[in-house]
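Chemist: Just a sequence and a predicted model for now, questions to come.
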Amino acid sequence: MRSLRLFAACSLIALVSCGGAATPTDLHNQGLDQASAGDFDAAIASYNDALKSADGDLALTIRLDLANALTHTDASAATDVFMAMVEEHGDELTERDFMGIGRQLKDAKAYSEASTVVDAGIKHFGESESPKLVELMELIKRDVLASGDAAGMAALEGLGYIGE
């Protein structure tokens with residue numbers, strides 16, 4: 001796998017040095033390789049470069065990968081990117097998309113952001129249609145109550161999951 005990444009990186013360098021500009025797909029693939037290697041800052045830069053000229057389904061995929069990478073570096077930005085996608089392309093997102101971002105934010109202990117994303121998914125799909133999201137919200141609630149995280153408590157209370 002490492003040699004495949006090295007080959008891809010060298011190919012991209014060769015393409016750029018020969019005067020050919022990297023395509024959004026090339027930049028996206030580079031970002032995927034960087035994220036797989038744990039270099040989330042580099043992946044974020046690659047995704048942002050790719051988004052400058054990507055459109056359609058590719059742009060949506062890149063934005064989702066950008067939100068995923070941001071969960072490791074900037075929970076607030078990850079939430080902003082994902083919630084903008086919900087606003088603009090909600091019908092194209094799946095329960096799995098909400099679960100992935102929500103779970104990563106929860107695992108990063110970004111409970112306020114996680115509850116925002118998961119609540120949006122529950123509202124989008126409906127409680128009866130999204131038992132996995134409801135279960136994830138219960139896990140977030142459990143972790144917030146156990147940790148005493150003030151921002152998480154305020155978010156859950158504001159969303160109606162704890163309190164009155």
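Modeler: Received, thanks.
Chemist: Going by C-alpha atoms from here, please, whenever you check contacts or count neighbours.
Modeler: Noted.
Chemist: so where do the helices sit in the protein?
Modeler: Assigned by DSSP state H, the chain shows helices spanning 2-17, 24-36, 40-51, 56-70, 75-89, 95-107, 111-125, 131-147, 150-159.
Chemist: got TSV for the ones you listed, with mean pLDDT and mean neighbour count too?
Modeler: Listed next are the helices of the chain as TSV, based on pLDDT from 0 to 100; neighbours: other Cα atoms under 10 Å:
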stretch	mean pLDDT	mean neighbour count
helix 2-17	44	13
helix 24-36	97	21
helix 40-51	97	21
helix 56-70	96	20
helix 75-89	97	18
helix 95-107	97	21
helix 111-125	97	23
helix 131-147	97	17
helix 150-159	96	17
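Chemist: can you list the domain ranges for the chain.
Modeler: Domains of the chain are assigned by automatic domain parsing as 1-70, 75-164.
Chemist: Distance from the first one to the middle of the chain?
Modeler: Between the mean C-alpha point of domain 1-70 and the mean C-alpha point of its chain there is a distance of 15 Å (Cα atoms, centre = their mean, to the nearest Å).
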